[in-house]
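> sequence-free structure coming up:
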């Protein structure tokens, strides 16, 4: 199984946990909000890891450049999340959008070393 599939499964599992809690507490809008936030986090993390993987055995300058670009991608995803929160605040519960993003991103960051091997 490829690293992308494994990462998507881990991110999807984290999304489902948050989405289930959101659906229980806030109904369908909470469910959608958690899935939107989790999707943004999964996309950012997959892009960052895809960029870093080829540089794992490269020299230090190449590795650091790829690592820093991955950090910038994750930072950019936080800016995108702020825009989504602002644009959908009347439709989606901001709490569940943000929780979906944070739970999935932190879960994938914690598990990142498994996907870099």
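Now that the structure is in, tell me what you want to look at. Model, not experiment: these values are computed from the prediction.
> the residue nearest the centre of the chain: what secondary structure?
Residue closest to the average C-alpha location in the chain (Cα atoms, centre = their mean): residue 41, at 1.7 Å. Residue 41 falls in the helix class when you classify it by DSSP: H, G, I helix; E, B strand; the rest coil.
> I figured it was touching residue 77, is that so?
Yes: taking contacts as Cβ atoms under 8 Å, residue 41 lies within contact range of residue 77: 6.7 Å. From N, CA and C alone the C-beta is placed, and that goes for glycine too.
> shared neighbours of the two, anything?
Common contact partners of residue 41 and residue 77 (Cβ atoms under 8 Å, 6 or more residues apart in numbering): 101, 105.
> contacts for the helix or strand of the chain with the lowest mean pLDDT?
The helix or strand of the chain with the lowest confidence, counting by mean pLDDT, DSSP states H and E, is helix 112-116 at a mean of 75. When contacts are defined by Cβ under 8 Å, 6+ apart, helix 112-116 is touched by residues 3, 6, 7, 45, 49, 52, 53, 56.
> mean confidence for the longest helix anywhere in the chain?
Using DSSP state H, we find that the single longest helix of the chain is helix 60-87. Across helix 60-87, the average pLDDT comes to 94.
> which helices and strands does it pack with?
The contact analysis (3 or more Cβ pairs under 8 Å, 6 or more residues apart in numbering; DSSP states H and E) places helix 60-87 against helix 28-52, helix 94-110.
> just put those helices in a markdown table and tack on mean pLDDT and distance to residue 21.
As requested, the helices and strands packed on helix 60-87 are exported to a markdown table (pLDDT from 0 to 100; distance: least, Cβ to Cβ, whole Å):
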| stretch | mean pLDDT | distance to residue 21 |
| --- | --- | --- |
| helix 28-52 | 93 | 8 |
| helix 94-110 | 94 | 8 |
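> any chance of those in TSV with distance to residue 68 as columns?
Formatted as TSV, these follow (distance: least, Cβ to Cβ, whole Å):
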stretch	distance to residue 68
helix 28-52	10
helix 94-110	16
